[in-house]
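Student: 3D model of this:
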Amino acid sequence: MLVDTVFQYRTLIGKCELGLGLGWAEIEELGAIEAQFAPSEDDRRMSVGRRFRREPTKLAALMRGDRINDRVEITEVGPGGLVCRHAPYVARGEIIEIVVEVGDESYRFSAMGVWLKDDGDDYRIGFAFVGMPVRLRTVVVTSVDHADDVVHQIAA
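Tutor: Numbers count the residues shown, from 1 in each chain. Just a heads-up that it's a prediction; the model follows:
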C-alpha cells in the first residue's frame with residue numbers, strides 16, 4: 001500500500017536524521033523504496049531537482065494546524081511529499097499535520113507548505129514531509145465475560 005510505503009520510508013529517514021543509524025536490512029529497504037519512486041529519464045520535474053516522483057492517488061485526509069482542521073483530498077503522494085486539493089490556505093513554510101485513516105490504522109505526517117495554487121473556492125497545495133511520521137492502530141476490546149471494574153462502577 002502506498003501510504004504504508006511512504007510511512008516506512010519517512011520512518012527510516014527519520015532514524016537517520018536522529019543519528020540512530022540503520023541496519024543492513026533497513027538500508028536495503030530504503031534503497032528499494034528510493035528505486036521504486038525514482039523519476040524516469042523523461043520526467044520534466046527531474047530537471048528542477050525533485051528527487052522522487054509522486055504517485056497519483058485519491059485519499060481522504062484530515063489537515064490539522066494552527067486554526068486548521070479541514071477535510072482534504074490527497075491527489076499525489078511520494079516519499080518526499082504530497083499534493084492536496086480542496087484545502088484551506090496554508091502559508092509557504094507553515095507546518096501542518098496530515099492524518100490519513102486506512103482501515104484500523106491512522107497515519108500522521110508532518111508536512112511543510114511548499115507551493116499553493118487556486119483551485120476554485122479552495123486551494124491546491126504541495127507539501128514536503130518533515131520529521132518522522134506516527135502510525136496509530138485502533139483496537140476494540142470486547143469480552144462477553146467482562147467483569148465490572150472500578151471505572152465501570154464510577155460510570156454507574
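
Student: the helices in the chain, which residues?
Tutor: With DSSP state H as the criterion, the chain has helices at 2-17, 24-36, 150-155.

Student: Quick one: list the elements packing against the longest one.
Tutor: This points to helix 2-17. Where contact means 3 or more CB pairs under 8 Å, 6 or more residues apart in numbering; DSSP states H and E, helix 2-17 is packed against helix 24-36, strand 55-65, strand 68-77, strand 95-102, strand 105-119, strand 122-137. For every residue, glycine as well, the C-beta is placed using N, CA and C.

Student: quick one on the thing from earlier: now for the helices of the chain, which one comes closest to I125?
Tutor: With CB to CB, the closest approach to I125 among these belongs to helix 2-17: 17.1 Å.

Student: Which residues outside that closest one are in contact with it?
Tutor: Residues outside helix 2-17 that contact it (CB atoms under 8 Å, 6 or more residues apart in numbering): 21-22, 26, 29-30, 33-34, 36, 55, 57, 59, 77-79, 100, 102, 107, 109, 129, 131-133, 135.

Student: ok so, going back, save the helices and strands packed on helix 2-17 as CSV, and put in mean neighbour count, mean pLDDT and distance to V6 too.
Tutor: As requested, the helices and strands packed on helix 2-17 are exported to CSV (neighbours: other CB atoms under 10 Å; pLDDT from 0 to 100; distance: least, CB to CB, whole Å):
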stretch, mean neighbour count, mean pLDDT, distance to V6
helix 24-36, 13, 92, 8
strand 55-65, 15, 93, 9
strand 68-77, 17, 93, 6
strand 95-102, 18, 94, 10
strand 105-119, 16, 94, 8
strand 122-137, 17, 94, 8
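
Student: Would you reformat these as JSON lines and include distance to M1?
Tutor: Shown next, in JSON lines, are the helices and strands packed on helix 2-17 (distance: least, CB to CB, whole Å):
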{"stretch": "helix 24-36", "distance to M1": "13"}
{"stretch": "strand 55-65", "distance to M1": "10"}
{"stretch": "strand 68-77", "distance to M1": "11"}
{"stretch": "strand 95-102", "distance to M1": "7"}
{"stretch": "strand 105-119", "distance to M1": "10"}
{"stretch": "strand 122-137", "distance to M1": "12"}
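
Student: closest one to C84 among the helices of the chain?
Tutor: helix 2-17 (13.8 Å).

Student: what sits against the spatially most central residue of the chain?
Tutor: Geometric centre of the chain, nearest residue: F109, 3.8 Å, by CA atoms, centre = their mean. Contacts here follow CB under 8 Å, 6+ apart; on that basis F109 touches 6-7, 10, 82, 97-98, 100, 129, 133.
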